[in-house]
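In: predicted model and sequence below, questions to follow.
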Amino acid sequence: MPHIDSSVKLDFKDVLLRPKRSTLKSRNEVDLTRSFSFRNSKQMYTGIPIIAANMDTIGTFEMARVLSKFSLFTAVHKHYSLKQWEEFASQNPDCIQAGNVVTGEMVEELILSGADIIKVGLGQGNLVLGGHWLPFINKHRWNMSLFLVFFSGSMCTTRTKTGVGYPQLSAVMECADAAHGLNGHIISDGGCSCPGDVAKAFGAGADFVMLGGMLAGHSESGGELIERNGKKYKLFYGMTSEVAMKKYGPAVTDYRASEGKTVEVPFKGGVQSTIQDILGGVRSTCTYVGAAKLKELSQRTTFIRVTQQANPIFSEES
């Protein structure tokens, strides 16, 4: 029989972080670097745990080169050729992650089955690596940690096409609790449209935050550059959109609907300024709640339910 879960489930837009007493004198005192030891693979990770999404308009080699300068991570998309990977690997030998899945019980089952990190959000999954990559990965002896995926990002239309979904803030809180109880880790994937949302994801318990749309439209982003009426735009589309499926296959068939959309994003130039803005926002959050280190943010977080995020009077730019 159908069942209604009447407990409140919240998205990032439904809350703000409550400020708390802080002894920090400057945002410069905040340490955003985290170190993780993974339960199953026993591998180590150190860096700022923000990840560029594995979309061909976001997770490019060019994006990886810039983000690595800030100790950020890039999930490179799967559509580069083996030759392109060979060339990139000779200059950057990074680790490779793959996977696909949601909810607390599924997080627990997957971690107990060998996964280190679970990507959280709800929508159409996407396998990052196919089996034909395994000989190449083994040749370079790269770490094959398992990432399990659910897409709920701005370019995913699964919720409107299928009626399936889960508010991201609540999903992160539930899944983080399940994962951390087993010494596992999660990635919040989707729902971030501003630096404040990134901070909320970390505050909710995410170990990593994956960004797509916030990194779209830059020089390092993929996607066709378009000029119209003297203004430049870059094409940005979901990996289950009709554009992506026609480009990489399989094409939309009579039994499958496209669950992604395509938009033209205003061209923003180099991604460095956007990254600095995101990191600066998270540092500011930490100072407001008294977290000297990013790992302390979730411990210092109290969310307040709100009906409005900001005063909308001057929200439209001239």
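Out: Good, I have the coordinates. Numbering: from 1, shown residues only.
In: C-alpha only now, for contacts and for neighbours.
Out: Will do.
In: all strands for this structure, in order.
Out: With DSSP state E, the ranges of strands along the chain come out as 15-17, 34-37, 44-47, 50-52, 73-74, 117-120, 147-148, 185-189, 208-211, 225-228, 231-237, 262-266, 303-305.
In: for those, which one sits closest to Ile278?
Out: Checking the strands of the chain against Ile278 by Cα to Cα gives strand 50-52 as the closest, at 9.7 Å.
In: partner strands of that closest one and their direction?
Out: Under the criterion DSSP bridges, strand 50-52 sits next to strand 73-74 (parallel), strand 208-211 (parallel) in its sheet.
In: neighbouring contacts of the shortest one?
Out: Counting by Cα atoms under 8 Å, 6 or more residues apart in numbering, strand 73-74 makes contact with 47-54, 59-60, 63-64, 67-68, all of which sit outside it.
In: residue contacts, the closest residue to Ser284 other than its chain neighbours?
Out: Spatial nearest neighbour of Ser284, chain neighbours left out: Arg27 (6.0 Å); criterion: Cα to Cα, 6 or more residues apart in numbering. For Arg27, the contact set (Cα under 8 Å, 6+ apart) comprises 280, 283-284, 286-287.
In: over to Lys293?
Out: Residues in contact with Lys293 (Cα under 8 Å, 6+ apart) are 30-33, 286.
In: cutoff 10 Å now
Out: Counting by Cα atoms under 10 Å, 6 or more residues apart in numbering, Lys293 touches 29-34, 283, 286-287.
In: please look at Lys25 and Cys286 and confirm they touch.
Out: No: between Lys25 and Cys286 there is no contact under Cα atoms under 10 Å: 11.5 Å.
In: quick one, which of these two is more surrounded?
Out: The neighbour comparison of Lys25 against Cys286 (other Cα atoms under 10 Å) goes to Cys286, with 31 against 9.
In: how much space separates the residue nearest the centre of the chain from Val289?
Out: Centroid-nearest residue in the chain: Met210, 1.3 Å away (criterion: Cα atoms, centre = their mean). Taking Cα to Cα, to the nearest Å as the measure, Met210 falls 23 Å from Val289.
In: tell me where the model's unsure across the stretch 201-318 of the chain.
Out: 238-261, 315-318 (pLDDT under 70).
In: 50 instead, please
Out: Flagging of the stretch 201-318 of the chain using pLDDT under 50 yields the residue ranges 318.
In: which helices and strands sit right next to the longest helix along the chain?
Out: Identified as the longest helix of the chain according to DSSP state H is helix 272-289. For helix 272-289, the packing partners by 3 or more Cα pairs under 10 Å, 6 or more residues apart in numbering; DSSP states H and E come out as strand 15-17, strand 50-52, helix 61-68, helix 195-203.
In: what's the angle between it and helix 195-203?
Out: Helix 272-289 runs at 60 degrees relative to helix 195-203, counting by axes from the mean of the first three to the mean of the last three Cα atoms, to 10 degrees.
In: what number of residues lie near Ser35?
Out: Neighbours of Ser35 using other Cα under 10 Å come to 12.
In: can you tell me how far it is from Leu211?
Out: For Ser35, the distance to Leu211 (Cα to Cα) stands at 20 Å.
In: and for Gln299?
Out: Separation of Gln299 from Leu211 (Cα to Cα): 23 Å.
In: ok, the two, which is more surrounded?
Out: Using other Cα under 10 Å, the more surrounded residue of Gln299 and Leu211 is Leu211, with 25 against 13.
In: hmm, the more buried one is touching Ile58, no?
Out: Yes: the pair formed by Leu211 and Ile58 meets the contact definition of Cα under 10 Å, at 8.6 Å.
In: and for the two, which residues touch both?
Out: Jointly contacting Leu211 and Ile58 under the rule Cα under 10 Å, 6+ apart are 52, 74.
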